[in-house]
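1. just the structure for this:
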Amino acid sequence: MVLNLQFFQILSIIISMLAFGVAFWLYRWVEAQPSSNQRIAEISKLIRNGANTFLTKEYKTLSRFCLVAAVVILIFLPSPIWKGNIIGNIIMAASYLFGTVFSAIAGKIGISIATIANVKAAEASTKGIKQSFMSGFRGGAVMGMAVVGSSLLGVTLVLLVTNNTTALLGFSFGASSMALFAKAGGGIFTKTADISADLVGKVELGIPEDDPRNPAVIADNVGDNVGDVAGMGADLFDSNVASMAAALVMAVSLDGASKAAGQTANNAAMVFCYAAVGLLASMVGVMTARMKEGGDPTLALNTNTYVTTGLYGVLTAAATWAFGFSWRIWGASVIGLLVGVVIGLASDYFTDDKRPPVRAVAKACESGPAFTILSGISYGLMSTLPSMIGIGVSALAAYRLCYPMGGGSVEYAMFGISMAAVGMLSIVGMIISNDAYGPIVDNARGLVEMGDLGDKALEITDSLDSAGNTVKAVTKGFAIGAAGLTVIALLGAFMSEVNVAIDELNAASAGAIMDKITGFDVINPNVFFGLLIGAAIPALFSAMLMLGVDRNAQRMVSEIHRQFREIAGLKEGKEGVVPEYDKCIEIATDGAIKELVPAGLMTIIATLLVGFIGGVQSIGGFITGNIVSGLLFALFMSNSGGLWDNTKKYIEAGNNGGKNSPAHKAGVVGDTVGDPFKDTAGPSINTQITVVSLVASLTATIFLTFNLFG
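-> Just a heads-up that it's a prediction; the model follows:
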């Protein structure tokens, strides 16, 4: 059965618009919730202004970078402009800018709703956990619906207008480069403030986490929004776009080959159908999400995910039967989704305070911070194995399941892996909703303490915050796993782009001067050279980001000390004495803007240097090494950071000595080490891997013709 691709593209646009409608309804629902506390209104205004100030400065800086990158793309990609393909270069540059704009909008939407939902969740906590939970979750769901709607709409429009899959890679590169810098910048900001506030407040002075006397406390709450909301929104927007782009590059190629052979194939239609169904399933999951009064928020969030997962499996099976899609491809998609859940469960085991690892680290805290660090690192390293096995098994199963298609086709096998990534990210609307819920309720907890809403409200928001931390670790594991499959698919897309370029060069030379690439042999010295360099990049990238946090936090700690020393009555909490919150926000903002660009640029420049030195074979090795090393680092840092965070909260709940005990101080030290692990470097690595793969695919033709040893 031959299907009309445009029908599925129009269907995707309609469902995207429906997602925007749901997002708007949820936004109005959250906005309509009561909030009358004047003190909370004043604090939330400071948080909102600080977040918007940072985002404005960050976007101004990044807009300059993006414009320069667009000019470079216009001149050189997909081939040098002097070779005569001017229209192709203009389309590529426009697609890149389109991707950056969509990614920036995703971050802005997240900030707008998060700084409203935190107030509503705080106020609702005085009435009960159910209403507070719903305010936090539906606030996160606004971002979930808007981000996934935007990604599906953007990919559909680019392919519909240009009919060019290389332009899709340009759109994805725009989203990825913006996400890389946004996640890095937001991560540096938030962890600068978080570490500084904890070290001076909790460790030195023994004052509560969100004590209004602490000059860094507003910057800390701002950081939750710019790092965990805007940054993560851009990150998951990028992952979703990259998975669809990689799948569509291969799908269009396979459809074209089938048509040339006189056969029919509907692979591109299937990608759009599955992505649209995934968004539809997420919409249903979000709209039906509930929690009973006195219920467990972690169970509620995870149940939402499982319901959406099951719904996606049923709806895609129905679509596969109705439209005659391949059941093998459906199987690959479902494998990816199920493995995503398994990776999430593995992250949950190592980060949930009801599980043995967190409790073992809490026990180790009684012996001092050295044991906190040693045990946390050990469990973090252990946590990588089940997730790496999951990614490996899903890639292998998808490959083997789809290889028999087309009479035994490596191209179909790689397409199967790309569809496993699409499957894993199919419910990303729900994943983002859960992820954004975390920083919203974290902010709500701070507002409850600063607004002095009472112990009952504090207990409720502590419970919601703990659930947010646990689920955040799950969603990060999910995102990292999806990024792993996506970049394996992008490696396949890179091979497709290289082979298309080889065909064009052979045709231009009227002879087969180059053989097509079928894989990368690690014994080949060019491949091995790229492999080693690629494996080292995530380590260097992580170090640069964490050193940025280190330098910035030291500056902020000095400022906090100055204020406690010079502002009379601040330490004692004298009535009417208020710290200079704006000074800490300014330090976090300026430092983050200064530190965010070098690490991202290093990644792009390293990719180009390896390509110009060793050609496409070295780049194949570079991408492979970057994937393996990057996934390992990302999982280790995200899980160990989440474990340390929940260890601290477990002790604060009255266990192992409780607040202000030696174990608590050791737990805070562990948390400050884990902060840049889980919120700066860890989640930024999966974007870094994607950027490397996209840069390689976009510059494949150049590396074929210009290299030293390739």
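2. what are the ranges of the helices in the stretch 151-300 of the chain?
-> Taking DSSP state H, counting those that start in this stretch as the test, the helices found in the stretch 151-300 of the chain are 165-197, 217-223, 232-260, 267-288, 297-323.
3. show me the one of these that comes nearest Gly344.
-> Set against Gly344 and scored by CB to CB, these come closest in helix 297-323, at 7.4 Å. Any C-beta I mention is one placed from the backbone N, CA and C, and that applies to glycine too.
4. can you give the distance of that closest one from its chain's centre?
-> What separates the centre of helix 297-323 from the centre of its chain is 21 Å, taken as CA atoms, centre = their mean, to the nearest Å.
5. low-confidence ranges in the chain?
-> Filtered on pLDDT under 70, the chain yields the residue ranges 1-2, 84, 209, 472-474, 476-477, 510-513, 710.
6. run through who's touching stretch 130-138.
-> Stretch 130-138 has contacts (CB atoms under 8 Å, 6 or more residues apart in numbering) with 26, 29-30, 33, 117-118, 120-122, 124-125, 286, 289-293, 295, 297, 300-301, 304, 433-434, 437, 440-441, 444, 460-461, 464, 468.
7. can you pull the contacts of Asp296?
-> Residues in contact with Asp296 (CB under 8 Å, 6+ apart) are Ala467.
8. relative to Thr303, how far out is it?
-> Distance, Asp296 to Thr303, by CB to CB, to the nearest Å: 9 Å.
9. got it, and Val222?
-> Separation of Val222 from Thr303 (CB to CB) stands at 32 Å.
10. more neighbours: which of these two?
-> Legend: neighbour count by other CB atoms under 10 Å for Val222 and Thr303, higher for Val222 (31 against 16).
11. my guess is the more buried one meets Asn52, correct?
-> No. Between Val222 and Asn52 there is no contact under CB atoms under 8 Å: 9.4 Å.
12. contact partners for the closest residue to Ser172 other than its chain neighbours?
-> What sits nearest to Ser172 in space, not counting adjacent residues and going by CB to CB, 6 or more residues apart in numbering, is Ala245, at 4.1 Å. Residues in contact with Ala245 (CB under 8 Å, 6+ apart) are 155, 165, 168-169, 171-172, 493.
13. Thr61 too?
-> Applying CB under 8 Å, 6+ apart to Thr61 gives the contacts 593, 596-597.
14. just put those in CSV and tack on secondary structure.
-> Listed next are these as CSV, based on DSSP: H, G, I helix; E, B strand; the rest coil:
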residue, secondary structure
Ile593, helix
Leu596, helix
Val597, helix
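15. of the residues you listed, buried ones?
-> Applying 16 or more other CB atoms under 10 Å to those, the neighbour count classes 593, 596-597 as buried.
16. among those residues, which one lies nearest to Gly107?
-> Each of the buried ones among the contacts of Thr61 was checked against Gly107 using CB to CB; the closest is Leu596, at 13.3 Å.
17. quick check: the closest one touching Glu58?
-> Yes. Leu596 lies in contact with Glu58 (CB under 8 Å); the separation is 7.5 Å.
18. need the residues touching each of the two.
-> By CB under 8 Å, 6+ apart, Leu596 and Glu58 have these common neighbours: 181, 185.
19. ok so, going back, which among the contacts of stretch 130-138 end up buried?
-> For those, a neighbour count by 16+ other CB under 10 Å gives the buried set as 26, 29-30, 33, 117-118, 120-122, 124-125, 286, 289, 291, 297, 300-301, 304, 433-434, 437, 440-441, 444, 460-461, 464, 468.
20. let me see the ranges of the helices in the stretch 401-550 of the chain.
-> With DSSP H, counting those that start in this stretch as the criterion, the stretch 401-550 of the chain has helices at 405-408, 410-424, 428-450, 455-508, 525-566.
21. Gly107 touches Gly233, doesn't it?
-> Yes. Using CB under 8 Å, Gly107 makes contact with Gly233 at a distance of 5.4 Å.
22. these two - which one has more neighbours?
-> Taking neighbours as other CB under 10 Å, Gly107 and Gly233 compare with Gly233 leading, 32 against 29.
23. what sits against the more buried one?
-> Counting by CB under 8 Å, 6+ apart, Gly233 has contacts 106-107, 109-110, 143, 147, 432, 436.
24. centroid residue for this structure?
-> Taking CA atoms, centre = their mean, the centroid of the chain lies closest to Asp235, which sits 3.4 Å from it.
25. wait, isn't it in contact with Ile685?
-> No. Here Asp235 lies out of contact with Ile685, judged by CB under 8 Å, at a distance of 10.4 Å.
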